[in-house]
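Novice: Just the structure for this:
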Amino acid sequence: MRASLEAHLGSRQVGKVVYGSIIGLALVVTLEKHPPAPWVMAVWLLGTALAVGLAEVYSEVVGVETSTRQPVSRPQFGHMAEDAVAVGFGVAFPAVFFLLSALGLFEVDTAFTIAKWTGLGLIGFYGYWAARFAGAATHHALLKGALVALIGAGLIALKALVH
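Specialist: Predicted coordinates for the structure are as follows:
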């Protein structure tokens with residue numbers, strides 16, 4: 001398990017998962033005040049993950065083809081698809097909690113709470129490990145993880161101010 005986690009943390013998909021997690025967290029926070037049925041929320045997260053993943057690929061293809069004046073190669077497209085899957089995973093991850101709620105395992109309010117806190121936790125987790133892999137001491141890495149988690153906390157605070 002540790003080796004696969006270290007391999008993942010050393011991959012370029014980490015940034016894409018974080019990016020997708022922030023998008024998923026934004027959707028969760030936006031819809032919490034007037035929550036849809038849990039299965040609807042799960043479908044919206046999955047649909048958003050698909051749309052953002054496709055947008056990721058499309059924007060990369062356009063960027064490469066306009067800057068290089070050449071079509072995207074198969075290996076380039078493969079890397080783009082891997083990145084899109086990572087973004088989509090980050091967006092879609094909270095859908096699990098809404099599917100569990102739809103199955104009656106807990107209330108939809110609980111699904112929103114778990115989705116928010118796991119989103120913040122994931123963003124902070126990746127921030128911590130980014131700092132550690134860059135050579136930061138543990139206490140500095142913890143501070144960095146907490147600071148990047150404030151991105152999500154700021155989103156939650158903004159939602160609280162608006163409602």
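
Novice: looking at it, Met80 is touching Gly63, isn't it?
Specialist: No - using Cβ atoms under 8 Å, Met80 is not in contact with Gly63, being 9.7 Å away. Just so you know, the C-beta spots here come from the backbone N, C-alpha and C atoms, and that holds for glycine as well.

Novice: Can you check which helix is longest in this protein?
Specialist: Ranked by number of residues, the top helix in the chain under DSSP state H is helix 38-68.

Novice: got the buried residues for that helix?
Specialist: 38, 41-46, 48-49, 52-53, 56-57, 60, 64 (16 or more other Cβ atoms under 10 Å).

Novice: Thought Val40 was touching Val108, still the case?
Specialist: No - if you go by Cβ under 8 Å, Val108 and Val40 don't touch, sitting 9.9 Å apart.

Novice: any idea which element the residue sitting nearest the centre point of the chain lies in?
Specialist: The centroid of the chain falls nearest to Ser21 when counting by Cα atoms, centre = their mean (1.6 Å). Using DSSP states H and E, Ser21 sits in helix 13-32.

Novice: Just list what whichever helix or strand comes after the longest helix of the chain packs against, helices and strands only.
Specialist: Going down the chain from helix 38-68, the next helix or strand is helix 74-92, by DSSP H and E. Helix 74-92 is packed against helix 13-32, helix 38-68, with contacts defined by 3 or more Cβ pairs under 8 Å, 6 or more residues apart in numbering; DSSP states H and E.
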